[in-house]
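Participant: A structural model of the following input is requested.
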Amino acid sequence: MLETRCFSLFSEGGRFHYEGFGFGSFMFGNIAAQIIAYCLTGAVLAVVGYGYLSLRRWAAKFSCCLMWAWLLIGLPVIAVVFFLLLASKELTTGAAVIALAALALSYFVLPWLVIRYFGGPKAGLFYEAADPGLRWADRIPARIVVISILYAFFIVGLQVLLFFKGIFPLFGSFVRGTGGAVLIAVTTLLFVLLIWGTLSRRLWAWRGACVLLGLLAVLAVSASLCTGYSDLLSALSFPPAEMRFLAGVPVQGWHLAVLSGIPLLAGLLAAATSRRCFKDPRRPARNQ
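Facilitator: Okay, here's the model as predicted:
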């Protein structure tokens, strides 16, 4: 929560203040996104930590599911985090290399360690002995948990867009302002319904996820390619100090298409290949 102090540093009278800083500026959204990420990470770790200390079997399963979800969406997230780091801090070459190495380790090493330990047979026997019997988490397939985590990630990402003037891709362009906020709200509601339907293993949730993720991937990629980076900056109309810096970043439309398309396509792939985990009401229960 100490990160909230950064708002005062950039506000009027702060040591880093510049004209135009506030809601809708790049740095305001950058700081807000970091605070959201820190708070959510702390909340998730607190819940998982409770599960570890109380020797609950669901904690080991949830940890592995978190890491599998991270493997699906981690690379573009790391790229965005590294870009925000370079944009918000004056890093030396050595510091930038160290930061990139740390981010890479968080993608490759951390998931491997968690999945190997908590997904291994020894951990399974340990938690089975400490927490015997059938629990509610045992009735939910791991794949269902993974894609539900992905949907929750998309919900958080949508809320972050509100700090950048509610920008939302739509048919080869970007909508912002009230129109973008409405589209974000509707899409958020759809993902909430998908999480409920997915955890309930309803077949309509599987179909709806394939349609929604496929549509969002097409919208995001087409808008990035058709609009381009410079046109996107013009539409966002950040303060002059931010525009001067961001205009010099060597980013093109296809970079944005890749960064936005990979998480959505990864989610689509994970959802599309999970058909067998969903219940078909037309089939007898014994065939499930």
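
Participant: for the chain, what spans make up the helices?
Facilitator: Remark: helices assigned in the chain by DSSP state H are 5-10, 26-53, 57-88, 93-118, 121-130, 142-161, 178-199, 203-227, 229-236, 240-247, 253-272.

Participant: Make JSON lines from the ones you listed and add distance to G172 to it.
Facilitator: Just so you know, the C-beta spots here come from the backbone N, C-alpha and C atoms, and that holds for glycine as well. Listed next are those as JSON lines, based on distance: least, C-beta to C-beta, whole Å:
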{"stretch": "helix 5-10", "distance to G172": "34"}
{"stretch": "helix 26-53", "distance to G172": "24"}
{"stretch": "helix 57-88", "distance to G172": "21"}
{"stretch": "helix 93-118", "distance to G172": "32"}
{"stretch": "helix 121-130", "distance to G172": "49"}
{"stretch": "helix 142-161", "distance to G172": "18"}
{"stretch": "helix 178-199", "distance to G172": "15"}
{"stretch": "helix 203-227", "distance to G172": "4"}
{"stretch": "helix 229-236", "distance to G172": "11"}
{"stretch": "helix 240-247", "distance to G172": "22"}
{"stretch": "helix 253-272", "distance to G172": "11"}
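
Participant: Name the residues of stretch 229-239 that are buried.
Facilitator: Residues 229, 232-233, 236, 238-239 are the ones in stretch 229-239 that count as buried (16 or more other C-beta atoms under 10 Å).

Participant: what does stretch 28-39 give?
Facilitator: Buried residues in stretch 28-39 (16+ other C-beta under 10 Å): 28-36.

Participant: Spatially, and excluding backbone neighbours, which residue is closest to the residue nearest the centre of the chain.
Facilitator: Taking C-alpha atoms, centre = their mean, the centroid of the chain lies closest to F153, which sits 3.6 Å from it. Sequence neighbours aside, I73 is the residue nearest to F153 in space, at 6.2 Å (criterion: C-beta to C-beta, 6 or more residues apart in numbering).

Participant: repeat for V145
Facilitator: Nearest residue to V145, sequence neighbours excluded (C-beta to C-beta, 6+ apart): C65, at 4.2 Å.

Participant: which residues touch that neighbour?
Facilitator: 142, 145-146, 149 (C-beta atoms under 8 Å, 6 or more residues apart in numbering).

Participant: now do Y151
Facilitator: Applying C-beta under 8 Å, 6+ apart, we find Y151 in contact with 191, 194-195, 198, 209, 267.

Participant: Tabulate those in JSON lines, adding columns for pLDDT and neighbour count.
Facilitator: Below are these laid out as JSON lines (pLDDT from 0 to 100; neighbours: other C-beta atoms under 10 Å):
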{"residue": "F191", "pLDDT": "97", "neighbour count": "25"}
{"residue": "L194", "pLDDT": "96", "neighbour count": "25"}
{"residue": "I195", "pLDDT": "96", "neighbour count": "20"}
{"residue": "T198", "pLDDT": "95", "neighbour count": "26"}
{"residue": "A209", "pLDDT": "95", "neighbour count": "26"}
{"residue": "G267", "pLDDT": "91", "neighbour count": "26"}
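
Participant: Looking at these, which one is closest to S54?
Facilitator: S54 has its nearest neighbour among the contacts of Y151 in I195, at 24.9 Å by C-beta to C-beta.

Participant: That closest one contacts L150, correct?
Facilitator: No: counting by C-beta atoms under 8 Å, I195 does not reach L150; the two are 9.7 Å apart.
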